[in-house]
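# attaching a predicted model along with its sequence, questions to come.
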Amino acid sequence: MLTKLERYIDQLGELNNKLIVLAGPRGSGKTKLLQELGKKLGVQPLNVNLELGRRLSATPQTGRGFLVGQLLRDIADKERKEDLLLLDNLELLFERGLQINPLDLIKRLAHSKRVVAVWPGELRGNRLYYAEMTHPEYRDYDAEGVVALEIGS
């Protein structure tokens, strides 16, 4: 799978949206694969929950949704100068209070640099899911324009 992922990354430069999403159930090996990729390419994966959470903690609750995109862009541009951005632990982006579209936010990052993101949910057909339908943070997105890879179950 690592070799296949590297091939996809090499081909991303030709696309307008340079995003690869690794989707699969909890424990399927998405994070491990991202870490192996990072080690091989010399790129440190970004723990979004940790880095973004630190910055958001100093922001009033009501203003967080407006700042999330800019804060994530700052992290990606200033701290991760490589052409490839590896994103893990995205759960914070699904917090209902932020009122954002996490997939759209990641897609915007992928216009300027190649992005491989661990999707904390599943790929079914051409749809990306987060949480179960009965969960309050349940989300369902069309994976159109995204290279979505399903990682073992």
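Looks like it arrived, so ask away.

# measure the residue nearest the centre of the chain to L84 for me?
Closest residue to the average C-alpha location of the chain: A117 at 3.4 Å, with C-alpha atoms, centre = their mean. Applying C-beta to C-beta, to the nearest Å, the value for A117 to L84 is 11 Å. To be clear about C-beta, it is placed using only N, CA and C from the backbone, and glycine gets the same treatment.

# E6 too?
Relative to L84, and taking C-beta to C-beta, E6 is found at 11 Å.

# which one's more surrounded, these two?
L84 (17 against 13; other C-beta atoms under 10 Å).

# could you report the separation of the nearest residue to the more buried one once chain neighbours are set aside from Y8?
Closest residue in space to L84, ignoring its immediate chain neighbours: R114 at 4.8 Å, by C-beta to C-beta, 6 or more residues apart in numbering. Look at R114 and Y8: by C-beta to C-beta, they are 10 Å apart.

# intersection of neighbour lists for those two?
Common neighbours of R114 and Y8 (criterion: C-beta atoms under 8 Å, 6 or more residues apart in numbering): I20.

# the two: who's more crowded?
R114 (22 against 14).

# got the confidence number for the more buried one?
Note on R114: pLDDT of 92.

# still on that earlier bit, anything in contact with each of E6 and L84?
L41.

# pLDDT score assigned to Q61?
Listed pLDDT for Q61 reads 86.

# quick one: E6 and L37, what's the gap?
E6 is 7 Å from L37, by C-beta to C-beta.

# and for stretch 78-89, what's in contact with it?
If you take C-beta under 8 Å, 6+ apart as the criterion, stretch 78-89 is touched by 9, 30-31, 34, 37-38, 41, 43-51, 76, 106, 109, 113-118, 120.

# what do you get for stretch 22-29?
5, 30, 33-34, 116-123, 128, 148-153.

# distance from stretch 131-150 to the middle of the chain?
Using C-alpha atoms, centre = their mean, to the nearest Å, the mean C-alpha position of stretch 131-150 is found 12 Å from that of the whole chain.
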